[in-house]
Each structure stands twice: as C-alpha cells, then as structure tokens.
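J.: Structure, please.
(2 chains)
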Amino acid sequence: MAKMQTKGAVLTYDAGGGGAAAVAQIVSFSHSGAETETYDATTIDTSGSGREYLASGFTEGGTFDFTLFFDSELAGHKLLTADVTTPAERDYSIQLSGGTAMAFTAAGISFGFQGDMADGVKADVSLKLDQLMTYTT
Amino acid sequence: MKVKFIREVAAFASADHPDLFERDGRRWFPVGAIMEDPRAVNHVILGNAVPADEECEIAANMTPEKMKTAQAAQEMALKGIEPEDRQRYRNGEILGYDEDGNDIPGPNWIEPDDTDDD
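T.: Sure thing, here's the model as predicted:
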C-alpha cells in the first residue's frame, strides 16, 4: 500500500514510429468517465420497487484530461495542436511516480488555452480514449 | 527518414524494430538505435534523437545548439521535473524525485533553509 505522488508523473505520447516523448510543462491531469455500460432491465413483473440494471458487455473508456503551461513555440506542444488541425489517433502513456506505465490510445483531442493576469498562459487538453486504458491490474 | 536515438526511448505497442529490448514490463529502443519512419523527425525536434540521414537533417532544420536545448528539455520532461524546479535541475541541485516525491540531491545540492517559513 502506498500513496503515490503526483510529483514526478510523466505523460508520454508516440512522437513517431512508436517511440515515446514526454509532454512538458503539465501541472495537473485526470482520467475520468471510464465506466461499464449498463441498461435498465426493469420489467413490469420485476419484484420489489428497485429498478434492475444489467451490464451491456461494453465499457466506455472515458477521457484523459490535462492542463499545462502552454508554449506555442514548443515542439511538443505543437504536436498536440497538430492533432487538432490534422486529426490522428495517437498512443499515450501515463507513468505515475513509482508505478508502472498505463497506456491508451487517443481517438480525438480537445484543446484550448487561456490567460489570466495573475497566472501564466495555460492550455486545457482533453483526450478521448479509443477503447480502454491498460490499467495496472 | 532516419534518426538515431541518443537515449533509451520507451516504445508503444505499435513499435516494430529489431533492436527493441524489454525492461520493467515495457519495451525500449536502445541508445544508438536507428529508426526509419516518416514522422521520425519529431524525435529530433523533441530531443530524443539526432538526424541519421540528410532528409531528416533538412526536415529538422536545427542548429546543434537548438538540438542541445531540445534534448535538455526532453530529459527534464521525462524525469517529470516540475516547471518551478527546472533551474535547480539545470544547476545540478537535484537529479529528479524519488518515489515519495522528494528531491534526489545532485552534485550541487543546497541544503534547504529550515528557518525559511515560505
């Protein structure tokens, strides 16, 4: 049992030919929305008042979102915006400090950036997972 | 387009190269491996590799100094060095972080001032 530190985590992507390169200047990340799909299996003769749910057998992969200090001249950040202008699937991997790498494929990307007088310019990136992340099991 | 890796580079499942080796449950390109791929120039631009043919040299269009800067930036990114610690890393004060997120002291490590409440 351990409490994993966010500090030292590394997000990498396939920069070409299956070789990984790290995405720089990330300040936060989150993976959410992964869930097994269910359907309402309640029928009029269901006993009791509780609705019944069953698994459809499919699982939604969710998204992987991260925020970074955006540098429009940084090659690694240009690679992200290139995927916005020229849609392409890309392999990613998140390595938590002291943990094993968990890989996933992004089918699509959402990108935006914002500035604030009291902060640096930051970009929010959201990756739509194709299938599922390879969780450490 | 060909590049030559200057560091061990983690490989994704799509990677297909005769020199790949396994470590810690993951496959890696070794230092010196030559990759031929239409997007290989990205590894030069991102600081993982140097050009290994003229096509890549032209595509990268980088001076040796620019390549050095990209390589240093990639090294810090791969080690998960946080933006506020970059200068300390460049100064040799830290080498990275341990599994608990504590600094790994470098050759120019400076003991933190315990009296500083900030």
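J.: Please make it C-alpha for all contacts and neighbour counts, starting now.
T.: Fine.
J.: low-confidence ranges in chain A?
T.: In the prediction, chain A carries residues with pLDDT under 70 at positions A:137.
J.: brain fart, chain B
T.: Applying pLDDT under 70 to chain B flags residues B:115-118.
J.: And the residue nearest the centre of it?
T.: residue B:75 (3.0 Å; Cα atoms, centre = their mean).
J.: element containing that one?
T.: Residue B:75 is part of helix B:64-78, with elements assigned from DSSP states H and E.
J.: Which neighbouring elements make contact with that helix?
T.: Packing partners of helix B:64-78 (3 or more Cα pairs under 8 Å, 6 or more residues apart in numbering or on different chains; DSSP states H and E): strand A:10-16, strand A:19-22, helix B:41-45.
J.: Now tabulate these in CSV and tack on mean neighbour count and distance to residue A:100.
T.: As requested, the helices and strands packed on helix B:64-78 are exported to CSV (neighbours: other Cα atoms under 10 Å in any protein chain shown; distance: least, Cα to Cα, whole Å):
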stretch, mean neighbour count, distance to residue A:100
strand A:10-16, 24, 11
strand A:19-22, 27, 15
helix B:41-45, 27, 23
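J.: And these: which comes nearest residue A:106?
T.: Residue A:106 lies closest to strand A:10-16 among those, at 9.7 Å (Cα to Cα).
J.: The residue most central in space within chain A is in what secondary structure piece?
T.: Nearest to the mean C-alpha position of chain A, by Cα atoms, centre = their mean, lies residue A:64 at 1.3 Å. Using DSSP H and E, residue A:64 falls within strand A:63-69.
J.: Note down every partner strand of that strand and its orientation.
T.: Sheet pairing of strand A:63-69 (DSSP bridges) gives strand A:26-32 (antiparallel), strand A:119-130 (antiparallel).
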